[in-house]
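Asks: coordinates only, no sequence provided:
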């Protein structure tokens, strides 16, 4: 009879829930037959290699995931099932004269948690966040494939999504439909993260990389418009990332190395009873190769490091606790030799010669299910960041020390099969001090006036009710969010509504509306005009979408959006302006104000296919208009992130069981150059000043990245080689690096080039 090894519980589980899918067998022959499936989606996998008894015989699954071995000798046998992008799977079977085994084998993606159970999702486009009318999700495998071998940065994977632009290759930050990164709230396991990137504060031509490790993530979801109340902490958009638990089944180790990155991860069960799991990851990015190819100083040093760990333990069937710790650091040194006393400012008084910073996050969560219909999640968190930028004379140009202690709880109550209620509350105690990074764009004589030291208390709460009609064709949500901050006089009460109308089996309409508010940072409050205190910036979102399924794995989506913005934060006086025959620099220290109103309106078209076996990816086009009005002068101008046309393409295809080819392409029409500059020649950077804001634009941004993954398998380990070409067409893209000048009567704009053609290779080992 067939005997399955207890180390492969996936087979037992799927055999129980999918008995009709198991092959019948011929009792007169000794055969092994089966079906190979994707564990996370249930899709049958083609072009998967199946090896019998250490490659004594092998075959490849057909287009519907089936395989067969004929004339198999009686006795014990081992199957090795593998394909690029998935974990190595071993299956132990026993063949007798009376039994021909028929197997159901589920492969787990490289970046997905090894688990004792499988959740089969019939819909590859099912909403990750309930009641969200505008969301795009990246699964763990997509994050890894889009993160880039060179930098291994999951935040950069977001820039390939429709409506998202990140034309500066140096930085992990991105904008969404004209909203800058400062207006995008980033959540990690539902906790708002203040510093989601390792960066060098104020280093205009510096670098940044995500503080998130792609090996730790289970998925990332972008909420481009009208986020539900639980994710409404900013006025532009929201991004929600979730960490995964470690394996409760086996101990596994992953190691990867590239030209600019080293990443190590280990995971396994926490106790012999497997009631918990542990997961530890460490990463070091050393960008010497990148900075050299970008034309930097050969002695320039750019290093990012972080260590993360997660523990999860089931106290009992109804209570689970988890702890997540992140500790990271960033170091930059320009490699400039010691200062010559005769030339104390060879590179300008605001030039950053060295910079360093740290990021620390600790989260502890208790999740309980007191009843079959109630889930309660409570989290305590502490965040601390420190950044400092130093000049050539070792003076501090800018610095920041930030800390936040918070507690939050969230309740989900499925009080009716067709209705659920969600509510939450959070409280934060925040402190921040330092020297504002505005000083890097100002006359140095204002630097001593840019110091700040303050604290704030904030609270927010939300409630939302979901309802589904008896037919299931209509889903509606109503909600409200309340926000309070001790530094701002007014409280915010923010309503929300969304609905989904299923027109037929393949078409639906989604609608969303919501109001949002974002409080100023402490440094903004401290460095605002005393007689004009800051108030919260606000926005109102409208979104409507039509979606049609072309087949179960392909969709066409058309979305229109409108975001009405008010009281947008800025320090507009930092920019020099045109005077009579000379540049006019600010005569007093620039201050933060509620400087602008505005809007972002547009249309987005997306054709997307999700398949574990064949082609997967998307084609997206966004037409957007992002305009702002200066409330002091009542003049309109294109916002700093006004990208009129953007195109996003991503495709991935498994050519053979061990070879996968993927490519991504981004096009963005040129963004405005912030300030009062007119650039007549981008090669010579000839610049003149104007009286109007944002009149010149950068040339269009184009970048094609191509990646090839090749796996090599042995009985106990799997080696994967990655070959990648960034900016494969070597297109010259420009980026804005801030204003320059003598702070008296001359001013110009500083422009630089982004990444040229950059080939890279990497290796990963799993065992």
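Replies: Sure thing, it's come through. All values reported here derive from a predicted model rather than from experimental measurement.
Asks: just for the stretch 251-400 of the chain, where's the confidence low?
Replies: The stretch 251-400 of the chain contains residues with pLDDT under 70 at 288, 291-298, 336-350, 392-394.
Asks: can we see that at 50?
Replies: Within the stretch 251-400 of the chain, the ranges that satisfy pLDDT under 50 run 339-347.
Asks: wait, what's in contact with residue 598?
Replies: Residue 598 makes contact with 565, 568, 626, 627, 628, 629, 639 under the criterion Cβ atoms under 8 Å, 6 or more residues apart in numbering. C-betas here are computed from N, CA, C, even on glycine.
Asks: can you check the pLDDT for it?
Replies: Residue 598 carries a pLDDT value of 97.
Asks: quick check: it vs residue 521, distance?
Replies: Separation of residue 598 from residue 521 (Cβ to Cβ, to the nearest Å): 20 Å.
Asks: quick check: domain ranges of the chain?
Replies: By the assignment in automatic domain parsing, the chain contains the domains 9-107, 135-766.
Asks: which one among the contacts of residue 598 gets closest to residue 507?
Replies: residue 626 (30.0 Å; Cβ to Cβ).
Asks: neighbours of the closest one, how many?
Replies: Neighbour count for residue 626, taken as other Cβ atoms under 10 Å: 24.
Asks: that one: which element?
Replies: Following DSSP states H and E, one finds residue 626 within strand 616-630.
Asks: return the closest of the contacts of residue 598 with respect to residue 145.
Replies: Nearest to residue 145 among these, counting by Cβ to Cβ, is residue 626 at 29.9 Å.
Asks: the residue lying closest to that closest one once chain neighbours are set aside and residue 534: what is the separation?
Replies: Excluding the flanking residues, the one nearest residue 626 by Cβ to Cβ, 6 or more residues apart in numbering is residue 178, at 3.0 Å. Residue 178 is 22 Å from residue 534, where distance means Cβ to Cβ.
Asks: ok, these two, which is more surrounded?
Replies: Ranked by neighbour count (other Cβ under 10 Å), residue 178 and residue 534 place residue 178 first, with 30 against 22.
Asks: ok, that one - contacts?
Replies: 563, 600, 624, 626, 639, 641, 642, 643.
Asks: let's have the residues you listed in CSV, adding secondary structure and distance to residue 552.
Replies: Putting the contacts of residue 178 into CSV (DSSP: H, G, I helix; E, B strand; the rest coil; distance: Cβ to Cβ, whole Å) gives the following:
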residue, secondary structure, distance to residue 552
563, strand, 33
600, strand, 33
624, strand, 31
626, strand, 36
639, coil, 40
641, coil, 36
642, coil, 38
643, coil, 33
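Asks: who wins for neighbours among those residues?
Replies: Neighbour-wise, the contacts of residue 178 (other Cβ under 10 Å) top out at residue 643, 29 neighbours.
Asks: quick check: phi and psi at that residue.
Replies: For residue 643, the backbone dihedrals (degrees, to the nearest 10) come out as phi -110, psi 110.
Asks: that one contacts residue 165, doesn't it?
Replies: Yes. Under the criterion of Cβ atoms under 8 Å, residue 643 makes contact with residue 165 at 4.9 Å.
Asks: overlap of the contact sets of those two?
Replies: With Cβ under 8 Å, 6+ apart as the test, residue 643 and residue 165 both reach 175, 668, 671.
Asks: looking at those residues, which are in strands?
Replies: Counting by DSSP state E, the part of the shared contacts of residue 643 and residue 165 found in strands is 175, 668.
Asks: relative to residue 469, which of the shared contacts of residue 643 and residue 165 is nearest.
Replies: Top of the list for closeness to residue 469, among the shared contacts of residue 643 and residue 165 and by Cβ to Cβ, is residue 175 at 37.3 Å.
Asks: where does the protein have its least confident helix or strand?
Replies: When the helices and strands of the chain are scored by mean pLDDT, DSSP states H and E, helix 9-17 comes last with a mean of 41.
Asks: so residue 412 versus residue 131, what's the distance?
Replies: Residue 412 sits 12 Å away from residue 131 when distances are taken as Cβ to Cβ.
Asks: neighbour count for the two, which is higher?
Replies: residue 131 (27 against 17).
Asks: can I assume that one sits in a strand?
Replies: No. Going by DSSP: H, G, I helix; E, B strand; the rest coil, the assignment for residue 131 is coil, not a strand.
Asks: that one and residue 391, how far apart?
Replies: Per Cβ to Cβ, residue 131 is found 50 Å from residue 391.
Asks: try residue 30
Replies: 78 Å.
Asks: the residue most central in space within the chain: what secondary structure?
Replies: Central residue of the chain (Cα atoms, centre = their mean): residue 155, 3.8 Å from the mean position. Classification of residue 155 using three-state DSSP returns helix.
Asks: so it is in contact with residue 195, correct?
Replies: No. Checked against Cβ under 8 Å, the pair residue 155 and residue 195 is beyond contact range at 11.9 Å.
Asks: need the longest strand for the protein.
Replies: Selection of the longest strand in the chain by residue count, based on DSSP E, yields strand 396-416.
Asks: helix or strand right after that one?
Replies: Later in the chain than strand 396-416, the nearest helix or strand by DSSP H and E is strand 419-435.
Asks: quick one: what helix or strand has the nearest residue to residue 76 once chain neighbours are set aside in it?
Replies: Among residues not flanking residue 76 along the chain, residue 94 sits closest, at 5.3 Å (Cβ to Cβ, 6+ apart). Residue 94 belongs to strand 89-95 when elements are defined using DSSP H and E.
Asks: continuing past the strand or helix carrying residue 324, what's the next helix or strand?
Replies: Taking DSSP H and E as the definition, residue 324 sits inside strand 319-333. Scanning forward in sequence from strand 319-333 by DSSP H and E, the next helix or strand is strand 354-371.
Asks: now do that next one against strand 396-416, angle only.
Replies: With axes from the mean of the first three to the mean of the last three Cα atoms, to 10 degrees applied, the angle from strand 354-371 to strand 396-416 works out at 10 degrees.
Asks: can you tell me the strand partners of strand 354-371 and which way each runs?
Replies: strand 319-333 (antiparallel), strand 374-390 (antiparallel) (DSSP bridges).
Asks: how far away from the center of its chain is the last one?
Replies: Its chain's C-alpha centre and that of strand 374-390 lie 17 Å apart, by Cα atoms, centre = their mean, to the nearest Å.
Asks: for stretch 382-395, same thing?
Replies: When C-alpha coordinates are averaged (Cα atoms, centre = their mean), stretch 382-395 and its chain have centres 25 Å apart.
Asks: list the buried residues for it?
Replies: The neighbour-count check on stretch 382-395 (16 or more other Cβ atoms under 10 Å) flags 383, 384, 385, 386, 387, 388, 389, 390, 391, 392 as buried.
Asks: which residues touch the closest residue to residue 44 other than its chain neighbours?
Replies: Nearest residue to residue 44, sequence neighbours excluded (Cβ to Cβ, 6+ apart): residue 65, at 3.0 Å. Shown in contact with residue 65 (Cβ under 8 Å, 6+ apart): 35, 36, 37, 44, 45, 46, 48, 613.
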